[in-house]
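[1] No letters, just coordinates:
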């Protein structure tokens, strides 16, 4: 996804005004037997459900350091983040994590294990981060990144991190590293 | 979601033929700067992304037993499943798990912890199951369930279970119970 695309509709449209299947006008109502308002087409019967999305990324590890990217896109332009992005149809969360890391930084990673699972209901997202070993060091930045670099713990730009879920994930990583055991962790937060 | 709704479009439409924002005809193409084909509106600029969905449920525990429901809906009509359903906008996965369990069985649960996270890329889903304590015993079946009952391990109808992710989750539950430790588990499977 590029700046150019994000400038048209961001975030992607949630509410329908016309039926995507037949083009008729949409009615917002609670369908029979349902409990929530949906976008319903009275002409062809399509119900246009909307569901939360998954954002999946990695903590790319190299020796003692982890990889962060400086964002070239809104929101949180110019802040530092872990490589991550929206999960696509047909891929597993692990495949998404590898793809997003490569697209944003050019770094290829080998996945170790799922590390954090973070609910962010206010923005209708679930964030997943995998621990991963960086297997090359040749940066090739995608158009979502201004810069990428590996950071030691003492160098992390805590006040310039992009999202709450990134802060949680990085903090948990260093905590677990001190304990010598990396478990999976589930959180729920009010804002991403 | 009821049988009635499922009979119109099931699963919910993935591809767009008309723009949900302005009603114009959709073009299937790779937008500039993107790597995948999307449903794009050349009139208003909307890009209709589609992303995997989350299905969230519980393993409701009562003493030595767990709750299963016999499905009143397709797919897998008349097979036994854990209570679960599609995550809705605005709720956390934990809230979804509690809601789905109540809607399908009338049983209120108290969530203990996230237990299984299962990728099912072939059906564009991620399944999440929580361990939960059943806090009432008054069944009030929703229209997705023909029957609900608590099963001991030796009674589980293994050959009549609905989905691979349910089999994995229940098997892991009994395995962990024997070990006396319930950890989080991540799987990726080829079919739900």
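    Received it, and whenever you're ready, just let me know what you need. Quantities reported herein were computed from a predicted structural model and do not represent experimental measurements.
[2] Between the two ends of stretch A:137-147, how far is it?
    Start-to-end span of stretch A:137-147 (C-alpha to C-alpha, to the nearest Å) is 14 Å.
[3] residue nearest the centroid of chain A?
    residue A:55 (2.5 Å; C-alpha atoms, centre = their mean).
[4] Could you pull out the strands in chain A for me?
    Counting by DSSP state E, chain A has strands at residues A:27-29, A:38-40, A:47-48, A:53-62, A:65-71, A:80-81, A:84-86, A:109-120, A:125-134, A:145-151, A:185-188.
[5] Need those in TSV (columns: distance to chain B and mean pLDDT).
    Just so you know, the C-beta spots here come from the backbone N, C-alpha and C atoms, and that holds for glycine as well. Formatted as TSV, those follow (distance: least, C-beta to the nearest C-beta, whole Å; pLDDT from 0 to 100):
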stretch	distance to chain B	mean pLDDT
strand A:27-29	12	95
strand A:38-40	8	95
strand A:47-48	6	93
strand A:53-62	5	98
strand A:65-71	16	97
strand A:80-81	19	98
strand A:84-86	6	97
strand A:109-120	4	98
strand A:125-134	6	98
strand A:145-151	13	97
strand A:185-188	4	98
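[6] Columns distance to residue B:102 on top of these, output as CSV?
    Below are those laid out as CSV (distance: least, C-beta to C-beta, whole Å):
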stretch, distance to residue B:102
strand A:27-29, 23
strand A:38-40, 20
strand A:47-48, 22
strand A:53-62, 24
strand A:65-71, 40
strand A:80-81, 37
strand A:84-86, 30
strand A:109-120, 19
strand A:125-134, 21
strand A:145-151, 44
strand A:185-188, 19
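[7] Surely residue A:161 is in contact with residue A:170?
    Yes. Between residue A:161 and residue A:170 there is a contact under C-beta atoms under 8 Å: 7.2 Å.
[8] Would you mind telling me which of those two has the busier surroundings?
    residue A:170 (23 against 20; other C-beta atoms under 10 Å in any protein chain shown).
[9] Run a quick check on the more buried one versus residue A:157, I expect a contact.
    No. In this structure residue A:170 lies outside contact range of residue A:157 using C-beta under 8 Å: 10.4 Å.
[10] do you know how far the closest residue to residue A:170 other than its chain neighbours is from residue A:59?
    Spatial nearest neighbour of residue A:170, chain neighbours left out: residue A:156 (6.5 Å); criterion: C-beta to C-beta, 6 or more residues apart in numbering or on different chains. Distance of residue A:156 to residue A:59, computed by C-beta to C-beta, to the nearest Å: 12 Å.
[11] repeat for residue A:17
    Counting by C-beta to C-beta - residue A:17 and residue A:59 are separated by 40 Å.
[12] what's the answer for residue A:105, then?
    Counting by C-beta to C-beta, the gap from residue A:105 to residue A:59 is 13 Å.
[13] Find residues that contact each of the two.
    residue A:67 (C-beta atoms under 8 Å, 6 or more residues apart in numbering or on different chains).
[14] Tally up the residues packed near residue A:181, please.
    As a burial measure, residue A:181 scores 7 neighbours (other C-beta under 10 Å).
[15] Quick check, residue A:139 in contact with residue A:108.
    No. Using C-beta under 8 Å, residue A:139 is not in contact with residue A:108, being 11.4 Å away.
[16] Which one's more surrounded, residue A:156 and residue A:59?
    Neighbours of residue A:156 and residue A:59, each counted by other C-beta under 10 Å, are more numerous for residue A:59; the result is 27 against 18.
[17] where does residue A:175 sit relative to residue A:182, distance-wise?
    The spacing between residue A:175 and residue A:182, counted by C-beta to C-beta, is 10 Å.
[18] which of those two has more neighbours?
    Using other C-beta under 10 Å as the criterion, residue A:175 and residue A:182 rank with residue A:182 on top: 16 against 11.
[19] how many neighbours does the closest residue to the more buried one other than its chain neighbours have?
    Excluding the flanking residues, the one nearest residue A:182 by C-beta to C-beta, 6+ apart is residue A:176, at 4.7 Å. Residue A:176 has 15 neighbours, counted by other C-beta under 10 Å.
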